[in-house]
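# curious how this folds, go ahead:
(2 chains)
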Amino acid sequence: MKKVYSILITGVAVILLFGFIAGCASKKPVRALKRSVSPNSQIAVIVDHPNNIKNVILSRFMERNYRVKAINASDLYTLKDIYDISDFKKLAYKSDMAPEGEGQGDLLSFEKSYDNLYKLHVYNYELNKAESIAEMRTKYNVQYLVLLDLKDWQKVSWARAIDLSSYEVIWVENYPAGYDDSLEDVIDHFITSMSGNK
Amino acid sequence: MKILQYLHQVIQGYALHAALAAIMAIALFTPQLHAKPVVAFGYLTNTTDNQNYDYLETIFPNSFASSIEAIFYSNVLKPHRANEILKEKHDISLQKNYRHVELPDVIDKLNADLFIYGNFTPLADNRIKIELHLYARGSNEIFTFTNIGKMETEIFKLVDRITLIVVDFMDADNLFMARPIKPGEHIGIITNLEDHELHHMYAAFMENGHPVISVQGNEIIRLTEDRHVKFIENFKFIRTVDNSYDTITDWRKTELYYGPWAGIRYNKIRNKLKDVYYTYDVHYLDVKSGIMDKLYNAYGQRLDILCIIGFNEDRDECWVRAIDMRDKRLIWMQSNIKTGMLSANPVKDITDKLIEQMHKERKQPFEK
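Numbering: from 1, shown residues only, chains lettered A, B, ... in the order given. The predicted structure is shown next:
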C-alpha cells in the first residue's frame, strides 16, 4: 500500500512540477527587437498609472534624450468608453415552445446576428484605433508609440514600441522585475533595451 | 492520510479520464465495430451556358465520391443513387443547387452524415473554378471553399487536388489552407492573449520573418474578452468571399407579424429589427467587406494577413482563421492545434507550430 501511495505522490509531484514550470515559463523574459528607437526620437509613452509614477517614467525617457510628446493613456478612448457592448446582453428575444428542431431556426438567426454584431464591432474598433494612431503621427508628429505596463515585483512588466510610419511592432520585451529593482531600474532597463544598447 | 486519500481520488479521476480517452481511441481506431458514415454527393452544377461541360456535372461528384471512399472508411452515395433514394422514399428529385437552409432536410431524407455539392465554372486559359459546400448532419454548420486551378486533361489529377482539400478539412484539425503565408508578409493578430503572453507570440512571429502590424498591439488592456462575453469565440465562424465556415440560419422561421392592427410605433420597431437582421446576417458579408477595406487602408495597405487566434483557458490549445486582406478571402483555417502537457511554454510552442504550418506548401499530388 505504501508503495502505491509513494508512486501516487511521485506522480502528483511530477504533474505539479510541470505545472509550476509551465507557469514560470510564461514569466520568462522575452525580447524581440526589429529596429531600435534611438534617442532624439519623438515618442508618445502610453502608461496607465497615477501621475506621480507617470512623471518618474517620463523623466527617465527625457533624461535619455527622448522627445516625449504630451499624450496620455487617458487621452485615448477604449472600447468600453465608446460603446459598452456588454449592454447587448440585456437584449432579449422570444422563443416559442416549439418541439425540438422546429422553431429553433428563429433563435439561431437572432444569435447569429448578435454574434456578427460583436465581430463587426471589434473590426470597427480596430479601424478606429488605426485612424487614431495615424492621427498621432500626422497631427502630433509622433514617430514611435511606446506602451508600458508595470507590475509588482516577481510579476512580469512589459513594454512594446510601434513605429507609426509603418504601424509595425518593432520591439517587445517582458521583464520579470526582481526584488532589488526600483521603478527607475525597470524603466532604465526598458529604455536601454529599446534603444538597442542591450 | 486524508490528503493521500484525496490525492488518490484525484489520480483516480485522471485515470478515469485517461481510460475514457483510451476507450474512445480504441473505438476510433477500430471502425469495423461501428456503422460506416455515409457521405452523399449532390451535383456539381455547370454555372455557364456552355452545354459541352454538362457531362462533368455527374462525372466530377462521382470521381470525388470514389476518391473519398478509397481514403475514408465510409459509404458514399453518388448523385444517381442519391436521386433514386429521394425519388423512391420521398417522391422528389435531387436538385442541382440547394439553398443552405434546405440542407438539414435533404441530408435527413438521404439519411447521410455528410452532404457535398457545389458548382464549377470553366475559365479562360484552360482553368477551372470549383466551389464545394460540405454540410454535416446535425451540425448546422457549412464549410464552403473555392479552388481555381488548371483544368487537367486527365480528370483524376483535378479530382485528387480537390479531394486533398476535402480530406484535410475532414481530418481532426479541420485544416483548410488556400495558400501558404510566406515570410515577409505583414501579419495583424486579433487574439485573446494579453500583455506578456501576447509578447511570446509577437516575438515568435518577429523572429521568423513576419513583421507584426499593431492590430490589437496598440493597447494596454486586452479587449477581446470581458466578464460577460468571450468575443474571440464568435470569430470561429467566418464568412468571406469564396471561402467560409458558417452557421446556417433560416429567416423563414422568423416571424415579424404585420397587419392593419399595427400602429406607427410597432412598425418603427419592426423596420428597425429588419434593418438589424439585414445588416448583421443577410448582408453581413458586404458590411464586413466594407470595414475590411477601410481597415486595410487605415494601416497604409501594409496589413497583408489578419490572423484571428483563439486560445483556450490553459493556453495549450488554439484555433486560427486567417484572412488575406488584399482580396478579403479566408486562406487558412485550422482547429485543435495543441501542445503537449509537458510543454514549458505552450504559447510559444503553439505559435511555432502555427508558423511552421503557415509556411508549408500543401503540395498538390500532380502539380509540377
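# by contact count, what packs against the helix or strand in which A:Lys54 is found?
If you go by DSSP states H and E, A:Lys54 is part of helix A:51-63. Counting by 3 or more C-beta pairs under 8 Å, 6 or more residues apart in numbering or on different chains; DSSP states H and E, the packing neighbours recorded for helix A:51-63 are strand A:42-47, strand A:67-68, helix A:183-194. (Each C-beta comes from the backbone N, C-alpha and C, glycine too.)
# give the buried residues for that helix.
For helix A:51-63, burial by neighbour count (16 or more other C-beta atoms under 10 Å in any protein chain shown) applies to A:Lys54, A:Ile57, A:Leu58, A:Arg60, A:Phe61.
# nearest residue to the last one in space, please, no chain neighbours.
If I follow you right, that is A:Phe61. The shortest distance from A:Phe61 to any non-neighbouring residue, by C-beta to C-beta, 6 or more residues apart in numbering or on different chains, is to A:Val68 (5.2 Å).
# next up, the contacts around that neighbour.
Shown in contact with A:Val68 (C-beta atoms under 8 Å, 6 or more residues apart in numbering or on different chains): A:Ile43, A:Ala44, A:Val45, A:Leu58, A:Phe61, A:Met62.
# can you do 6 Å?
With contact taken as C-beta atoms under 6 Å, 6 or more residues apart in numbering or on different chains, A:Val68 is in contact with A:Ile43, A:Leu58, A:Phe61, A:Met62.
# between these, which is closest to chain B?
Nearest to chain B among the contacts of A:Val68 is A:Ile43, at 13.7 Å by C-beta to the nearest C-beta.
# please report phi then psi for the closest residue to the closest one other than its chain neighbours.
Distances taken as C-beta to C-beta, 6+ apart place A:Tyr144 nearest to A:Ile43, at 4.7 Å, with adjacent residues excluded. Phi and psi for A:Tyr144, reported as degrees, to the nearest 10, are phi -130, psi 140.
# B:Arg306 and A:Phe110, how far apart?
Residue B:306: Leu, not Arg. Distance of B:Leu306 to A:Phe110, computed by C-beta to C-beta, to the nearest Å: 27 Å.
# for the helix or strand where B:Ile130 lies, which helices and strands make contact with it?
In this assignment (DSSP H and E), B:Ile130 forms part of strand B:127-136. Where contact means 3 or more C-beta pairs under 6 Å, 6 or more residues apart in numbering or on different chains; DSSP states H and E, strand B:127-136 is packed against strand B:114-123, strand B:141-150.
# mind running it again at 7 Å?
If you count contacts as 3 or more C-beta pairs under 7 Å, 6 or more residues apart in numbering or on different chains; DSSP states H and E, strand B:127-136 packs onto strand B:114-123, strand B:141-150, helix B:155-170.
# ok, residues contacting that strand?
Here strand B:127-136 makes contact (C-beta atoms under 7 Å, 6 or more residues apart in numbering or on different chains) with B:103, B:107, B:113-123, B:142-151, B:162, B:166, B:169.
# go again using 6 Å as the cut-off
By C-beta under 6 Å, 6+ apart, the surrounding residues in contact with strand B:127-136 are B:103, B:114-123, B:142-148, B:151, B:162.
# now the buried members of these.
B:103, B:114-122, B:142-147, B:151, B:162.
# just the mean pLDDT for the helix ranked longest in chain A, thanks.
Assignment by DSSP state H gives helix A:104-140 as the longest helix of chain A. Averaged over helix A:104-140, pLDDT sits at 81.
# that helix near chain B at all?
Yes: shown here: helix A:104-140 in contact with chain B (C-beta under 6 Å from any C-beta of the partner chain) through A:105-106, A:108-109, A:112-113, A:115-119, A:122-124, A:126-127, A:129-131, A:133.
# need the per-residue pLDDT for the residue most central in space within chain B.
For chain B, the residue nearest the mean C-alpha position is B:Tyr245 (3.7 Å; C-alpha atoms, centre = their mean). Per-residue pLDDT puts B:Tyr245 at 92.
# quick one on the thing from earlier: and of the contacts of A:Val68, the nearest to B:Ile350?
Closest approach between the contacts of A:Val68 and B:Ile350, by C-beta to C-beta: A:Ile43, at 32.4 Å.
# from A:Arg137, how far out is that closest one?
From A:Ile43 across to A:Arg137, the span is 12 Å (C-beta to C-beta).
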